[in-house]
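In: Quick check, what structure comes out for this input:
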Amino acid sequence: MRRMLLKKKKKCGGYFRLGSFCPPGTYIDCEGKPTEAAKVYSEQFAEIMIDEYQDSNLLQESILTSIAREDGGKSNIFMVGDVKQSIYKFRQAKLELFIEKYNRYLRGKMKRRIDLHNNFRSGAEVIGSVNAVFEKTMIEELGGIVYDEAARLVKGRVDKEEDALNITEVLIYDKDSEIPKRTLKAK
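Out: The predicted model follows:
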């Protein structure tokens, strides 16, 4: 496998390390075009649905776009994600992929964005706290989007009475603090 990867690196100027699941060049050739294998797979899928798209990396994106189709200007890819929930940067997740589509699909005619604001899992106290923290901290320079009315969560759950005792406590850790770390963990 290593020899194959090295040969591919010399030929293409770079490679993806995927092990036996997806050897280099399976879906995208050295020029970035879909291979014959990708074209075969493309015909097998009427729709491609991607959950947690905000955590996609460049390799996943290249595979998905290589097997996607456009029919009459409409793509067969459906993506679901939330920039606020991206947690896989250590696995090379590229939040920029999500943000680029988030912004482009709002303006698009054939590809469109549907914002789902209503949160049915959490009560008003959690939603209010999330909104309060993100409104102050989530700016375009930091998280890639502005936390505005389009990003704000809205309570969708009506089957639960609110509990006045449910309050949110925010703990802020200062790395230069004199408080011993074990004290912070105990709180």
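
In: which residues are contacting the strand or helix carrying residue 132?
Out: Following DSSP states H and E, one finds residue 132 within helix 124-137. Under the contact criterion C-beta atoms under 8 Å, 6 or more residues apart in numbering, helix 124-137 has outside partners 84, 119, 122, 143, 147, 151-155, 162-163, 166-168, 170. Placement of C-beta: from N, CA and C, glycine included.

In: List the buried residues for stretch 59-76?
Out: By neighbour count on 16 or more other C-beta atoms under 10 Å, the buried set for stretch 59-76 is 59, 60, 62, 63, 64, 65, 66, 67, 68, 75.

In: Now, these that are in helices?
Out: 59, 60, 62, 63, 64, 65, 66, 67 (DSSP state H).

In: Output the buried residues of stretch 59-76 in CSV; the columns should cover pLDDT.
Out: Shown next, in CSV, are those (pLDDT from 0 to 100):
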residue, pLDDT
59, 85
60, 88
62, 87
63, 86
64, 88
65, 87
66, 88
67, 89
68, 89
75, 83
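
In: Strands along this structure, start to end?
Out: 48-50, 70-71, 74-75, 77-79, 118-119, 154-155 (DSSP state E).

In: If you count neighbours, what's buried in stretch 39-48?
Out: So, applying 16+ other C-beta under 10 Å, buried residues of stretch 39-48: 41, 42, 48.

In: ok, those vs residue 176, which is closest?
Out: Nearest to residue 176 among these: residue 48, at 47.0 Å, using C-beta to C-beta.

In: Contact partners for the closest one?
Out: With C-beta under 8 Å, 6+ apart, residue 48 has these contacts: 64, 67, 68, 76, 77, 78.

In: Greatest separation within these: which pair is it?
Out: 67 and 78 (13.7 Å).

In: Could you measure from the closest residue to residue 95 other than its chain neighbours over to residue 80?
Out: Nearest non-adjacent residue to residue 95, counting by C-beta to C-beta, 6 or more residues apart in numbering: residue 86, 5.1 Å away. Using C-beta to C-beta, to the nearest Å, we find residue 86 at a distance of 13 Å from residue 80.

In: These two: which is more packed in?
Out: The neighbour count for residue 86 versus residue 80, taken as other C-beta atoms under 10 Å, is higher for residue 86 (20 against 12).

In: Can you tell me the centre-most residue of this structure?
Out: The centroid of the chain falls nearest to residue 54 when counting by C-alpha atoms, centre = their mean (0.4 Å).

In: All set, thanks.
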